[in-house]
Structures are given as C-alpha cells and as structure tokens.
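> 3D, please:
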Amino acid sequence: MQSFRTEIENPIVERDILELDRKIHQFKEGKLDEEKFRSLRLARGVYGQRQEGVQMIRIKLPYGKVTSKQLHRISDVSDEYSRGRLHITTRQDIQIHYVDLDRTPELWAQLEKDDVTLREACGNTVRNVTASETAGIDIDEPFDVSPYADALFNYFLRNPISQEMGRKFKVSFSASDADTGLSYMHDLGFIAKIKDNVRGFKVMLGGGLGSQPRHADMLYEFLPSDKIIPLMDGVIRVFDRYGERKSRAKARMKFLIKDVGLAGFKELLEEEQKAVPYHTFPIDAKAYPTVKIAEREVPQTSISDMETFEKWKSTNLVPQKQEGYVAIGIKVLLGDFYTDKARLLADLVAMYAGGEIRLSLRQNILIPYVREESLAFFYTELQKLGFTEIGYNTALDITACPGTDTCNLGIASSTGIAEELERIIKADYPQYIANPDVAIKISGCMNACGQHNMANIGFQGMSVRTKNKLVAPALQVLLGGGNLGHGEGRFADKVVKVPSKRGPEALRLILDDFDQNGNGKSYADYYAEKGQMYFYDFLTPLSATDNLTPEDFIDWGNTERYKKAIGVGECAGVVIDLIATLLFESEEKIQNAQESLDEGKWAASIYHSYSSMVNSAKALLTSEKVKVNTHASILKDFDEKFVANGRIPVAGGFEALVLQLKTNEPTEVFAKNYLKDSKGFLKSVEQFREQELAEV
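Below is the predicted model of the structure:
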C-alpha cells in the first residue's frame, strides 16, 4: 500500500519509487526473501551499513556534474533523512548515511524533483558513468565528452539488458590523452579523439581494480562517437550471458576477458550484433545544455594575507580553455562536507560562476567558469566555508574510502590513517604540498574503493596476527602505481604489510628516500629504477609483530582495542534465490515484456522475455542443485537435464529457442513471437514444478 505521495511527473520514475515502497512492505511482512530484496534495493541505491538498522544511500551523479539547484535539493534531503553530512566517492557520487529503510522511497521522490536519481547506483548494474572533472573546460581536450557520457548514462538507465548482471559494470570518459578518467581500470573506458574531422574515442575494455587488478585491453584505436552506445549494448549482452554469476570473486568483466581472450570476446560480440537495436546511435552534442555564466558584478575584495593567497592560487587553480576563466579546486578532506556549507557553495556558484560544480575522482570539488578577476572574491568567500585548504590534486590530497567507519567490508581504518598522513605531510614535508607527482590513496579492504592499487603510494586495510594469536590492524604498503596517459597505467606492487600505527613511519621512510635518491626524477621513474625489492629491504623491519605495543592494537581514529569484524558485502554480491521467488520473478519479467511491447519498445520486450526464460530454467536447475554460474551454461545444462530426456519438451531445444534473440533483428513481429515462446515455456516449467512438488 502506498504510504506517501511521490508528486513525480515522470510515470516511469514514479512507478519505480512506488515499487521500492511496495517491496519494503513485502519484506517487512515476511513475503519477500531477504536476498531478493537486497538485490532490488541495491539497484535503487540503498546499501546496508556496518551499523545495524540504517542504510547508506548512494546518489548517482553522472560524470560528477551537480547544478546549484541539485546541490540544494541533496542538502535538504540529507538534513531531513540523515545527519547533514555529504560524502563524495571516487566514482563522483554523493553518499549519505544513517537513513531509515522505510523512508528511502520518499527520500528518492524528493531527489527526483530536481532530476537526481538513486537508480542503479549500487548492485549488479551499470554504475555511475564517470568522466574527467575538467570535461568541457580542459585546455587539451579535442571536444567536450559530457554530452556523450550523458547520452550513454541515459541509454542504459533502466535498460533491461543491464539490470541483473553477475556483477557491476563501470564506464569512464577521459577528456584527453592524459586519461584523467582512468580508462585503463574500467570495464569500458573512452578517451576522446578526432580522426578525419570525426569525433570518436579510443576504447579500452576489461580493466579493473580489486584484489586482482587488470589493465584494460585496447578494443579500438578509434571508434566514431555514433558507435559507442551500440558497442556497449553488445558488450553488456555478452557479459550478461557469459559472465560468471556464482563466484563473486570471478564475476567481473576482467575475468571473462581473461577466460575467453580478447579475440574470443570479439567473436562473442559479433554474434550479438543482430540483437543490438541500433547499429549507429548519433549523439547530438549541440543539444547538450550550454553553461549559463552569471552576470552579477562581483564585490570588490581586498586580501590581507597575500602570501597565503598566492600559495592557494599555485595549487588550487585549474586553467580553462575558455579565455578569461579558471576553475577552482576545493580540497575536501576524505570527501566529507556538510549541508550548511554545501548550500552556501551552491549559492556562490549560482550567483557568480556557471551554476554548477563537478565532483572529482579524488573526492574533491571543482568550480568551473570563475572569472580571473573574481579570484580574490571567491577566495575570501571560500575561506569563510573552510574550502581554501591548499594542495588540490597533490601529494597532500589523499584519497580514502570510508573503511571501517561505515562499510561492512572494512578491515582497518582508512579515514583515520589518511588524516594522520595529511597532517604529517603538511607539518614535515611542505615541499609535497604543491607536488602533483605523488598520489597517495587508501582503501579499507582489498576491494579498492580508495583505488590504492593504482596509486604511487597506496595503503590497503588488513589485519596482522602475532605469534600468540593476538590480532592488530595492519596496512599493506603498495608502491609504484600510476596513470601514464593514453590508456596506459601501472598497478602498484605489494611491498610489505605493517601494523597500522606504523603507517606514518613507512611514509616517512619512502619520502625521505625519494628526497635523497630521487635525483630529480618523477616518483614513477624513481620507483621503476629502484624496484620492488629495494623498498622491501628498508620497509621490512616495520613488519615485525614481536614488538607490538598496546597502542598498536588500537586502530586510527578509535579508542577501543581493534577487533576484526567483516560483514557481508552488498555492493556487488551475488544473489542466491529461492525457487519460488525465481518463478515469481519470471512472471514479473513477462509482464515487463508485455508492457514494453505495448509501448513499442521491441528490443526491451525481447530482453525481458529472454530474462524470463533463463530465470525459469535457473529455477529448475537450482532445484536439482546444478551450478548456474553463467547464462550460457544454464541454456546448455537445461537441455541436458530436462529437454534431452523428455522431462520438459521444447521443440528444437531450449538453447536454440532462447538464442533466437541473437539471430533475429528486434522487430515487432519477433518481439511478439518471442514473448509467446516465453509465456509457453514458463507455463511448462510451472506445471513441471507443481507435479514435482505433488510427488514429494
């Protein structure tokens, strides 16, 4: 029963929100399996926290763009439903924490009033489409990638082909060859290029971080821009059908590429081309909203401390290709800021800049379209908000995930050690405050939300056990990673594991040696020259556990003794469904197929029908304890277990029936016939299941 008024004009969005509300009630009443409910809420941005009874809400902000109105709306929602704190992620999202589950539908409805969504911010979906925060202003960009990132985001939002994949799927756009969108560590990465006066992209495929980082392969040196959406449509279809589903550790795109090879993947991609509804998808970049720069006159401002002002300008300004303008970088400690300051910032950019901010992959804020003559005024206004910390995108600007503060998977504190390392750099290594050459990143576990394994200096949260079986928080030190540009990157080497409280000492040793032996080289070149074992030798003494003090058993930012406590990770967890739930879900998919058919969406209808048939087969295979690791294996195993022996008759075989979608174009006639086949198959499965249960 609906418990609130959505007041949403878009009927698709309204239906989505009301569906979440219904599912919450069904779950609370014991009518919906917990694992199935988890899958549904994750796909709607609702993520379980480390703290029991509350949720983290992830707000999906394509390529990090947030308008002044949207920032006000997000702030209002955070105050009403949470605690007024906003957290910027390394995927340009905003997260708010400590939200009551029952209130998430109305929270979502409030956000949608200013075109802000939670949909597919978590779960086994296409996650937020990220991009260089300088897109549109980058002095080296061949063109603005924002319209293309925006078009791709909208195409795959609620797209049936990407709702229930084996794992998440991440996409990035880079404004230039500097590859600031980090294409090499994404499932699909696009780097802007122009060839023969045609806009397009270099395409990277199959990258990823986590416990087993993989460098992406180059799929295309150049792909015209009207081909990028059809390409991703095909890639998603291949990943959905052949990607691992049972083992969470092997369910990312990078493992599929590793298994079948790049050539093998291209063959599978070619087989999907008839099913892809568009072979070209032109993107009208000219229709993308233009920036409206405020014309209000800036008040005259005098600076009392010119030395500090000049230092700030030397580290926190980003040049723009638009003459007379610069962008201001705001260093946001650990990505956390508060709604009172957010509102004032929103008003500032609305009245005196371009009415928007960009969230960065390093958890910071960039204000574009600031007039050069307005810098003194902006500095004084930002200073009032505490937003003039120097060191934007430098060694002082440390990236860290929430770690054990709120995340179920956190093993050791990442925020606490990050604050301490920034304090040390500021106090003892001032030469690094303006050094963009050394990137330091910290993750609370191996999943790399803090991107530690692509950093020049990285730390990963772990634990260490002493000989007498006491457990202390620890950090894996990783060195030598970095972005090389042009779609090339290097992943950091694991060097040594040290107790967490020795993390600052490890950083001191590394920076001291770089200062003494770097000989003017970049940090990346210095590390490459010295090699992994060089650092292992002088850091190994820090790894000893036979001399730990009581302080070593208390993690950063904590007062109590450390206790290793890892919950169940949700963000990309594999859902194990009950048979009855699977069959009920198949019926819902058929309803979705019928609705799409009625709306003239042939490709969407076909994929809903496909999903229903695979889901129904999965239900019966699950009942017989057959592994259901991939869609491809489900099709083959169902033929072997049920069709070949006549238990369920399917003319021509189940695999051939289902894979008609690969050999037929998505026309109205085929969509109708395919839906009819799907309905017939589900009826056969339900009859078989009823008879099977009756005989038990």
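> so residue 113 sits against residue 73, correct?
Yes: Residue 113 lies in contact with residue 73 (Cβ atoms under 8 Å); the separation is 6.6 Å. C-betas here are computed from N, CA, C, even on glycine.
> higher neighbour count, those two?
Each of residue 113 and residue 73 has its neighbours counted (other Cβ atoms under 10 Å); residue 73 has more, 21 against 16.
> pLDDT weak spots in this protein?
Per-residue confidence of the chain (counting by pLDDT under 70) places the weak regions at 1-5, 405-406, 408-409, 564-578, 695-696.
> so residue 458 bridges to which residues?
Each beta-bridge partner of residue 458 is listed here, defined by DSSP bridges: residue 441, residue 478.
> that should have said residue 485, apologies.
When assigned by DSSP bridges, residue 485 has beta-bridge partners residue 488.
> OK, contacts around it?
Counting by Cβ atoms under 8 Å, 6 or more residues apart in numbering, residue 485 makes contact with 177, 178, 179.
> cool, residue 528 as well?
Each residue near residue 528 by Cβ under 8 Å, 6+ apart is listed here: residue 480.
> tally of neighbours for residue 323?
So residue 323, with other Cβ under 10 Å, has 6 neighbours.
> on the three-state scheme, it is what?
Following DSSP: H, G, I helix; E, B strand; the rest coil, the label given to residue 323 is coil.
> now it: phi and psi?
Dihedral angles phi and psi of residue 323 (degrees, to the nearest 10) take the values phi -60, psi 140.
> by neighbour count, which of the contacts of residue 485 wins?
Comparing these on neighbour count, residue 179 comes out first with 25 neighbours (neighbours: other Cβ under 10 Å).
> what's the longest helix seen in the chain packed up against?
Secondary structure of the chain read by DSSP state H shows that its longest helix is helix 668-694. Using 3 or more Cβ pairs under 8 Å, 6 or more residues apart in numbering; DSSP states H and E as the contact criterion, the secondary-structure elements in contact with helix 668-694 are helix 579-598, helix 602-623, helix 654-658, helix 660-663.
> I'd like the ones you listed laid out as TSV, including distance to residue 95 and mean neighbour count.
As requested, these are arranged in TSV below (distance: least, Cβ to Cβ, whole Å; neighbours: other Cβ atoms under 10 Å):
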stretch	distance to residue 95	mean neighbour count
helix 579-598	28	18
helix 602-623	29	25
helix 654-658	38	20
helix 660-663	37	16
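> was I right to think residue 587 contacts residue 682?
Yes: Residue 587 is in contact with residue 682 according to Cβ under 8 Å; the separation is 6.9 Å.
> find residues that contact each of these two.
Overlap between the neighbourhoods of residue 587 and residue 682 consists of residue 612, taking contacts as Cβ under 8 Å, 6+ apart.
> hmm, back to that, between helix 602-623 and the longest helix of the chain, find me the angle.
Interaxial angle of helix 668-694 relative to helix 602-623 (axes from the mean of the first three to the mean of the last three Cα atoms, to 10 degrees): 20 degrees.
> excluding its backbone neighbours, what's nearest residue 679?
Among residues not flanking residue 679 along the chain, residue 590 sits closest, at 5.9 Å (Cβ to Cβ, 6 or more residues apart in numbering).
> return the residues in contact with the one you found.
With Cβ under 8 Å, 6+ apart, residue 590 has these contacts: 608, 609, 612, 675, 678, 679, 682.
> for residue 379, same thing?
301, 303, 309, 312, 388.
> redo those as a markdown table? Include neighbour count.
As requested, these are arranged in a markdown table below (neighbours: other Cβ atoms under 10 Å):
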| residue | neighbour count |
| --- | --- |
| 301 | 13 |
| 303 | 16 |
| 309 | 17 |
| 312 | 23 |
| 388 | 20 |
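> next, format the residues you listed as TSV and append distance to residue 494 and secondary structure.
Converted to TSV, these look like this (distance: Cβ to Cβ, whole Å; DSSP: H, G, I helix; E, B strand; the rest coil):
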residue	distance to residue 494	secondary structure
301	49	coil
303	46	coil
309	42	helix
312	37	helix
388	37	coil
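> ok now the longest helix of the chain, how far from the chain's centre?
The chain centroid and the centroid of helix 668-694 are separated by 36 Å under Cα atoms, centre = their mean, to the nearest Å.
> and stretch 300-319, by the same measure?
Using Cα atoms, centre = their mean, the distance between the centre of stretch 300-319 and that of its chain works out at 34 Å.
> give me the contacts around it.
Stretch 300-319 is contacted from outside by 134, 137, 139, 326-331, 366, 375-377, 379-380, 388, 390-392, 394, 433-434, using Cβ under 8 Å, 6+ apart.
> same deal with stretch 14-29?
Residues outside stretch 14-29 that contact it (Cβ under 8 Å, 6+ apart) are 1-4, 6, 8, 32, 34, 37, 40-41, 44, 46, 101-102, 104-105, 108-109, 112, 119, 158.
> residues of that stretch that come out buried?
Of the residues in stretch 14-29, those buried under the neighbour-count criterion (16 or more other Cβ atoms under 10 Å) are 16, 17, 18, 20, 21, 23, 24, 25, 27.
> next, the angle from the strand or helix carrying the fourth one to helix 579-598.
Counting by DSSP states H and E, the element that carries residue 20 is helix 11-28. Between the axes of helix 11-28 and helix 579-598, defined by the same axes, to 10 degrees, the angle is 170 degrees.
> after helix 11-28, next one along is what?
Toward the C-terminus, helix 11-28 is succeeded by helix 34-42 as the next helix or strand (DSSP H and E).
> distance from that following helix to the middle of the chain?
Average the C-alpha atoms of helix 34-42, do the same for its chain, and the two points are 18 Å apart (Cα atoms, centre = their mean).
> okay, the angle between that helix and helix 579-598?
Computed by the same axes, to 10 degrees, the angle between helix 34-42 and helix 579-598 is 30 degrees.
> toward the C-terminus, what is the element adjacent to helix 34-42?
Per DSSP H and E, the first helix or strand lying C-terminal to helix 34-42 is strand 46-48.
> quick one on the thing from earlier: and which of the buried residues of stretch 14-29 is nearest residue 663?
Each of the buried residues of stretch 14-29 was checked against residue 663 using Cβ to Cβ; the closest is residue 16, at 32.5 Å.
> how close does that closest one sit to residue 431?
With the distance defined as Cβ to Cβ, to the nearest Å, residue 16 ends up 52 Å from residue 431.
> thinking again about what came up before, now render the buried residues of stretch 14-29 as JSON lines, adding distance to residue 450.
As requested, the buried residues of stretch 14-29 are exported to JSON lines (distance: Cβ to Cβ, whole Å):
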{"residue": "16", "distance to residue 450": "31"}
{"residue": "17", "distance to residue 450": "32"}
{"residue": "18", "distance to residue 450": "36"}
{"residue": "20", "distance to residue 450": "29"}
{"residue": "21", "distance to residue 450": "34"}
{"residue": "23", "distance to residue 450": "32"}
{"residue": "24", "distance to residue 450": "31"}
{"residue": "25", "distance to residue 450": "36"}
{"residue": "27", "distance to residue 450": "32"}
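> among these, which two are most distant?
16 and 27 (16.7 Å).
> end-to-end on stretch 437-455?
11 Å (Cα to Cα, to the nearest Å).
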